[in-house]
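Engineer: what follows is a predicted structure for the sequence shown.
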Amino acid sequence: MKLLFLNGPNLNMLGIREPGIYGRQTYEDLEKYIRGFCDELGIACQILQSNHEGALVDAIQSAYGRMDGIVINPAAYTHTSVALLDALKAVSLPAVEVHLSDVSSREDFRQVSYVRLACCKTIAGHGFQGYRMAAEHLLAEKNGASQVGKE
Ligand code: DQA
């Protein structure tokens with residue numbers, strides 16, 4: 001199982017940005033956390049963060065044919081980016097949308113998610129743990145699919 005973990009703009013500022021919402025842990029802590037549970041679950045992971053929409057599109061495209069799924073926190077691009085939605089649709093890989101905060105209880109403009117239209121699940125408000133929940137979901141889906149194939 002190979003998963004791409006993609007993080008959008010300003011997530012590199014974790015620990016500094018709005019700690020009341022996003023906590024005190026840093027982006028490096030998040031990467032360490034992801035690598036830790038991937039090791040435990042037997043997942044090969046690639047982790048990327050970018051502040052640039054086009055770089056995120058490139059990363060999604062480069063997952064095509066190489067990865068089994070995508071865990072994506074598009075950050076602010078969640079609410080604006082048709083380009084990320086189209087990229088996810090183009091590669092057609094199972095994808096889970098993750099948000100550290102509970103976006104559903106925040107501002108109106110955060111209630112819109114374009115990427116959600118190309119994701120099989122959305123996990124919000126669980127902090128770092130949301131990334132693990134997303135990976136476990138994709139793993140279960142893959143195992144389920146391979147079981148069906150054996151029947
Ligand atoms: C976020 C929520 C977004 O609305 C926001 O723009 C972010 C982070 C989250 O992880 O809670 O940058 O995706």
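Structural biologist: Done, it's in.
Engineer: C-alpha from now on. contacts and neighbour counts both.
Structural biologist: OK.
Engineer: now Gln49. Nearest residue, chain neighbours left out?
Structural biologist: Closest residue to Gln49 apart from its sequence neighbours, by C-alpha to C-alpha, 6 or more residues apart in numbering: Asn7 at 4.5 Å.
Engineer: tell me where the protein has helices.
Structural biologist: Along the chain, the segments classed as helices by DSSP state H run 19-22, 27-41, 53-63, 82-91, 129-150.
Engineer: report the contact partners of the residue nearest to Gln49.
Structural biologist: Ile47, Leu48, Gln49, Ser50, Ile72, Asn73, Pro74, Ala75 (C-alpha atoms under 8 Å, 6 or more residues apart in numbering).
Engineer: do that again at 6 Å, thanks
Structural biologist: Gln49, Asn73, Pro74 (C-alpha atoms under 6 Å, 6 or more residues apart in numbering).
Engineer: count of neighbours near Gly42?
Structural biologist: 11 (other C-alpha atoms under 10 Å).
Engineer: any idea how far Ile70 is from it?
Structural biologist: 16 Å (C-alpha to C-alpha, to the nearest Å).
Engineer: got it, and Asn7?
Structural biologist: Distance, Asn7 to Ile70, by C-alpha to C-alpha: 11 Å.
Engineer: who in this protein is up against the ligand?
Structural biologist: Those residues of the chain that sit near the ligand, judged by C-alpha under 6 Å from any ligand atom, are Asn10, Asn73, Pro74, Ala75, Ala76, His99, Leu100, Ser101, Val103, Arg110.
Engineer: most neighbours of all those residues, which one?
Structural biologist: Per-residue neighbour counts (other C-alpha under 10 Å) across the residues of the chain next to the ligand peak at Pro74, which has 28 neighbours.
Engineer: next one, pLDDT for the closest residue in space to it that isn't next to it in sequence please.
Structural biologist: The spatial neighbour of Pro74 that comes closest, neighbours along the chain excluded (C-alpha to C-alpha, 6+ apart), is Gly8 at 4.4 Å. pLDDT for Gly8: 98.
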